[in-house]
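> Sequence and predicted structure, then a few things I'm wondering about:
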There are 2 protein chains.
Amino acid sequence: MQKEPDPLAVAAGLYVSIGLFLRQLRRSPVQGECTPPEISALERLDRAGTATPGRLAAAEQITPQAMGATLGELTRRGLVERRPDPADGRRVVVSLSEAGRHFVRNKRTARTEQLARALADRFTPEELETLREAAPLIERLGESI
Amino acid sequence: MQKEPDPLAVAAGLYVSIGLFLRQLRRSPVQGECTPPEISALERLDRAGTATPGRLAAAEQITPQAMGATLGELTRRGLVERRPDPADGRRVVVSLSEAGRHFVRNKRTARTEQLARALADRFTPEELETLREAAPLIERLGESI
DNA sequence: TATTGTTATACTCTATAACTATA
DNA sequence: TATAGTTATAGAGTATAACAATA
């Protein structure tokens, strides 16, 4: 067991693994599921309560235009509500509708449940612990570049 | 410290973290870099020596048509060579050109080096070890769904 | 008939640029 | 002028469907 892994090897391994993971996800669509950016926006809105499109875009690391498209689709499907900000006419306030809240909290998203099932069935507790520790590190790695 | 992490929490955390990581990567393009599917195809070809488009597509979890597009671009740029299979006229054999081999082995891809730098600068050896162990688990999680 | 690969077309997610409305 | 958001357009990466060539 190596105490100081080679950063280059770790970077290459992580990059390849994440790529394969994502392509596999795309190959196994989940019935009634939202797309990845939609899930992210819904879960963030659930935690935040209300937000503006601009703040959501910044948090999700995409442009306001891209977030606008996602929110437009979610609004069209009745999961998200948009209201003008009474204090500042330029702003729009978005929040989950009742249906959106129900969707996020009860389905806990079909995708997440699918992954959780695979984790429970095929991974040891030690492996789960490794993945649990790795998640915030992966997020931090993204922020570090 | 929890001995048996909740699979649902691990799944949700991993999903969100990987999403943010990827969107951040997209926001910081690397000069002279290949795209993710191009890097994957080149590295796989380097390890395999030769392959057919169909086998590469299966290994990378995409359709033959999508792999055909990637290989077409790599061929156009002189990194990959295509030859008809003398034994089976339906098949095409692809392999790295000299330039392609040089690209994969020497640049080790600008993206990977960028990530390695962030890992070396901002992560402890213990954190690197966690990420090193997590990479194959993430790949396996993709295969398990 | 089955298999390998290609061509045509469309969809999702994202970006840049240009515009409108409000501050 | 600066800011929040929208509309228009384009590009990458992928998919499905239809096709040609070979087995």
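Cool, got the structure.
> Can you tell me the element the residue nearest the centre of chain A falls in?
For chain A, the residue nearest the mean C-alpha position is residue A:40 (3.2 Å; C-alpha atoms, centre = their mean). Under the criterion of DSSP states H and E, residue A:40 resides in helix A:36-48.
> that older thread, is it true that the residue nearest to the centre of chain A touches residue B:19?
Yes: at 5.5 Å, residue A:40 counts as touching residue B:19 under the criterion of C-beta atoms under 8 Å. All C-beta atoms are positioned from the backbone trio N, CA, C, and that covers glycine.
> Name the nearest residue to residue A:32, ignoring sequence neighbours.
Of all residues not flanking residue A:32 in the chain, residue A:110 sits nearest, at 6.1 Å (C-beta to C-beta, 6 or more residues apart in numbering or on different chains).
> Distance of the one you found relative to residue A:104?
Note on residue A:110: its distance to residue A:104, by C-beta to C-beta, to the nearest Å, is 12 Å.
> measure residue A:62 to residue A:78 for me?
23 Å.
> which of these two has more neighbours?
The neighbour comparison of residue A:62 against residue A:78 (other C-beta atoms under 10 Å in any protein chain shown) goes to residue A:62, with 20 against 12.
> does the lengthiest helix in chain A come close to DNA strand C?
Longest helix in chain A by number of residues (criterion: DSSP state H): helix A:7-27. No: Helix A:7-27 lies out of reach of DNA strand C by C-beta under 7 Å from any atom of the strand, never closer than 9.6 Å.
> buried sites along that helix?
Buried residues in helix A:7-27, counted by 16 or more other C-beta atoms under 10 Å in any protein chain shown: A:7-25.
> Can you tell me the closest non-neighbouring residue to residue A:123?
residue B:137 (7.1 Å).
> In which helix or strand does that neighbour reside?
helix B:125-143.
> Against which helices or strands is that helix packed?
Judged by 3 or more C-beta pairs under 8 Å, 6 or more residues apart in numbering or on different chains; DSSP states H and E, helix B:125-143 is in contact with helix A:7-27, helix A:110-122, helix A:125-143, helix B:7-27.
> So which residues make contact with that helix?
Applying C-beta atoms under 8 Å, 6 or more residues apart in numbering or on different chains, the contact partners of helix B:125-143 are A:2-5, A:7, A:9-10, A:13-14, A:16-18, A:20-25, A:115, A:118-119, A:122-123, A:127, A:130-131, A:133-134, A:137-138, A:141, B:14, B:18, B:61, B:119, B:123.
> How far off centre is that helix?
15 Å (C-alpha atoms, centre = their mean, to the nearest Å).
> by how many degrees do it and helix A:125-143 diverge?
Relative orientation of helix B:125-143 versus helix A:125-143 (axes from the mean of the first three to the mean of the last three C-alpha atoms, to 10 degrees): 110 degrees.
> hang on, residue A:81 in a strand?
Yes: the assignment for residue A:81 by DSSP: H, G, I helix; E, B strand; the rest coil puts it in a strand.
> Pull the contacting residues for it.
A:75, A:94-97, A:100 are the contacts of residue A:81 under C-beta under 8 Å, 6+ apart.
> For chain A, give me the ranges with low pLDDT.
Counting by pLDDT under 70, chain A contains low-confidence residues at A:1-3, A:107-108.
> what about 80?
The model of chain A has pLDDT under 80 over residues A:1-3, A:31-33, A:106-109.
> what does it put close to DNA strand D?
By C-beta under 7 Å from any atom of the strand, the residues of chain A that approach DNA strand D are A:23, A:26-27, A:52-55, A:64-65, A:68-69, A:71-72, A:82, A:88, A:90-92.
> neighbour count winner among residue A:110 and residue A:104?
Taking neighbours as other C-beta under 10 Å, residue A:110 and residue A:104 compare with residue A:104 leading, 20 against 15.
> And residue A:136, how close does it get to residue A:70?
Look at residue A:136 and residue A:70: by C-beta to C-beta, they are 24 Å apart.
> OK, contacts around residue A:74?
Contacts of residue A:74 by C-beta under 8 Å, 6+ apart are A:34, A:38, A:41-42, A:80, A:100.
> try 6 Å this time
residue A:80 (C-beta atoms under 6 Å, 6 or more residues apart in numbering or on different chains).
> secondary structure element for it?
Here residue A:74 is assigned to helix A:64-76, by DSSP H and E.
> how much does that helix deviate in direction from helix A:36-48?
Using the same axes, to 10 degrees: helix A:64-76 against helix A:36-48 is 80 degrees.
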